[in-house]
Structure formats: structure tokens, C-alpha cells
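J.: A structural model of the following input is requested.
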Amino acid sequence: LVDRAAPPRNPLLEAPHSYHKLGAVGGIAAEPRALHFSGIDVGRTLTAKLRLLNASGAIVRMHISAPSTPFFKIDVVKRGRVMPGMAEEVTVSFHPTDLRHYHDQIRVHCESGHLLVPLHAYPSADA
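T.: Sure thing, here's the model as predicted:
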């Protein structure tokens, strides 16, 4: 038998970071607050847009951590600093391998706190 190595350590996911903030934190607002992919089909890729809006009056730097599962992927063109009223556009793509419920999250780090954007995908009965 082969021993399985422990996954690599990721300090962004460890204490003292707390990810209990959903929707908005410190002037950063996620639109929508959570992403839902319904009516999934095996082999078909679905995409959705996420906007991370700077609703504060100050310039903000943010670090966006990708989802940890291989089913969700993000594509973002980083601008560096986000001016007040501007937003980072994140394209989230989802590629299922079977019909079941999938979940993950996108983590956003900024000076004023840490934001969590839940991702959900599930088959739909009305398809």
C-alpha cells in the first residue's frame, strides 16, 4: 500500500483568517452574494459572472483565492488596486463529472476583512 502524503499547507486558509463574512465586508460587496448553477449536465460547462464591488470611499487591494475543488475554476483579470465604485469581474466556470450536488467557495482577502462567496451546483428536476 502507498502512504498518502498530507496536502500542502496553505496559510491563507488557516487561522487567524476568519471567513464568516458573506455578501459584503469592509466596503467590498459580492454581486451576487452566492453563485448557483442549476440544471447541470455531465460534460457541459456552465459559466457565471461574479462582481466584487468596491463600495467604500477608499482604494482597495484584494486577493482572490480560487475554489479548491477541480470542478469550479475562476478567470479574473487583476487590476491591482480597485478604485471606489469600480469592481473586479470574476468569471466562474463549472464542469461536472456526475449528477450530484457540488459546493465550494471563493475567498477574498482585503485589508478590512475576509469575504466568502459560496458556490453551489446541482441537478434540476425540471430539466
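
J.: What about Ile64, how many residues nearby?
T.: Number of residues near Ile64 (other C-beta atoms under 10 Å) recorded here: 18. (Each C-beta comes from the backbone N, C-alpha and C, glycine too.)

J.: Tell me if it really is in a helix.
T.: No. With DSSP: H, G, I helix; E, B strand; the rest coil as the criterion, Ile64 is assigned strand and is not in a helix.

J.: That one bridge partners, please.
T.: Beta-bridge pairing of Ile64 under DSSP bridges involves Val108.

J.: Now do the contacts for it.
T.: Leu52, Ile74, Val76, Lys78, Glu88, Val90, Ile106, Arg107, Val108, His109 (C-beta atoms under 8 Å, 6 or more residues apart in numbering).

J.: how far away is Leu46 from Asp98?
T.: From Leu46 across to Asp98, the span is 15 Å (C-beta to C-beta, to the nearest Å).

J.: Revised request: answer the last question for Phe37.
T.: Relative to Asp98, and taking C-beta to C-beta, Phe37 is found at 14 Å.

J.: on that earlier part again, of the contacts of Ile64, which count as buried by neighbour count?
T.: Leu52, Glu88, Val90, Ile106, Arg107, Val108, His109 (16 or more other C-beta atoms under 10 Å).

J.: export those residues to TSV and tack on pLDDT?
T.: Shown next, in TSV, are the buried ones among the contacts of Ile64 (pLDDT from 0 to 100):
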residue	pLDDT
Leu52	93
Glu88	93
Val90	96
Ile106	94
Arg107	92
Val108	90
His109	88
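
J.: rewinding a little: mind giving me TSV with the contacts of Ile64 and columns for distance to Leu115?
T.: Output for those, formatted as TSV (distance: C-beta to C-beta, whole Å):
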residue	distance to Leu115
Leu52	8
Ile74	14
Val76	14
Lys78	16
Glu88	12
Val90	12
Ile106	9
Arg107	7
Val108	4
His109	8
